[in-house]
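Novice: pasting the structure only:
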């Protein structure tokens with residue numbers, strides 16, 4: 001079931017792309033090639049279908065589901081989110097460690113075949129697998145930390161281009177990665193074939209969930225009708241703006257957000273402000289960052305100030321009423337923002 005599940009996932013990942021997003025797969029489906037290749041490597045487990053009871057095949061399974069699977073999870077995180085961030089420095093060190101981890105697929109099972117003079121080949125194979133498993137666990141945790149840093153950067157600190165980085169999807173992938181680490185080490189420590197069988201079913205289920213989440217593009221850059229050849233119009237701001245134009249845009253932003261109280265709209269986006277001000281979205285995003293400390297911080301600081309004023313004017317209002325009136329949309333959002341920015345408001 002695990003092997004067939006992986007092959008189906010690899011086929012769907014390679015051949016299925018939603019339209020019109022298939023016109024620019026590098027943007028909307030980063031890591032697609034790596035995902036397909038990694039799931040195809042499940043074919044290395046075929047010996048477990050033929051001679052499942054041998055010590056060498058048992059070590060092969062343990063090698064695949066500890067250091068190698070952790071390496072795969074690291075590659076999936078870096079190839080997808082690293083591709084979005086145009087960050088390529090992960091490739092050389094991660095692939096080098098991956099080459100070492102892949103040796104476990106060979107070294108562990110082969111070690112079990114070495115016999116004579118009291119030498120315990122199975123013990124050596126286990127030492128190799130667990131050592132490389134610890135190494136790849138550290139690498140996977142580093143990948144999780146990097147993705148979380150990017151997530152925080154877009155979700156809280158900058159939030160200047162919310163359409164370009166799939167924050168919610170990143171959080172989901174991080175959760176799946178950490179659960180996978182726990183499951184893999186649980187199976188490895190218990191060292192039981194039945195536990196390994198359950199692990200395989202859980203992993204293929206998690207893989208299917210990841211596939212379903214990624215089938216529809218998580219990046220929301222829109223297509224321009226003319227002259228863009230299928231490339232998304234949303235970009236991370238990277239343009240220098242003349243000081244006089246920057247001042248004009250800043251004044252327009254302040255007028256719309258503060259005077260017109262656009263911050264009371266719980267679904268307010270940078271694109272909304274750009275449209276109301278009549279300026280390019282990329283320029284507006286840049287001004288939010290350079291002049292106002294970031295879209296998220298600026299807008300929600302105003303909401304917190306308004307919430308304080310509303311509470312003073314309506315002392316009997318509930319937290320839910322205050323949150324809704326102030327543009328938060330829910331008590332959860334209000335508490336979350338207050339914890340993050342409350343001291344600044």
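Specialist: Ah, there it is. Just so we're clear, the structure is a prediction, and the values are computed from it rather than from any experiment.
Novice: quick one: residue 329 and residue 266, what's the gap?
Specialist: 3 Å (Cβ to Cβ, to the nearest Å). For the C-beta atoms, the positions are set from N, CA and C on the backbone; glycine is no exception.
Novice: residue contacts, the nearest residue to residue 103 once chain neighbours are set aside?
Specialist: Excluding the flanking residues, the one nearest residue 103 by Cβ to Cβ, 6 or more residues apart in numbering is residue 132, at 7.7 Å. Contacts here follow Cβ atoms under 8 Å, 6 or more residues apart in numbering; on that basis residue 132 touches 63, 66, 67, 100, 101, 103, 104.
Novice: now intersect those with the helices, please.
Specialist: Among the contacts of residue 132, DSSP state H puts 63, 100, 101, 103, 104 in helices.
Novice: and residue 17, what are its phi and psi?
Specialist: Backbone geometry at residue 17, expressed as degrees, to the nearest 10, gives phi -140, psi 130.
Novice: I'd say it and residue 29 touch.
Specialist: Yes. Residue 17 is within contact range of residue 29, at 6.2 Å (criterion: Cβ atoms under 8 Å).
Novice: tell me which of those two has more neighbours.
Specialist: residue 29 (24 against 17; other Cβ atoms under 10 Å).
Novice: next, that one: phi, psi?
Specialist: Dihedral angles (degrees, to the nearest 10) for residue 29: phi -130, psi 60.
Novice: likewise for residue 294?
Specialist: Backbone phi and psi, for residue 294 under degrees, to the nearest 10, turn out to be phi 110, psi 150.
Novice: what helix or strand is residue 134 located in?
Specialist: Using DSSP states H and E, the secondary-structure element containing residue 134 is helix 121-152.
Novice: how near is the residue most central in space within the chain to residue 295?
Specialist: Geometric centre of the chain, nearest residue: residue 170, 2.4 Å, by Cα atoms, centre = their mean. Noted for residue 170: a distance of 18 Å to residue 295, by Cβ to Cβ.
Novice: just residue 73 next, same as before
Specialist: Taking Cβ to Cβ, one finds residue 73 at 32 Å from residue 295.
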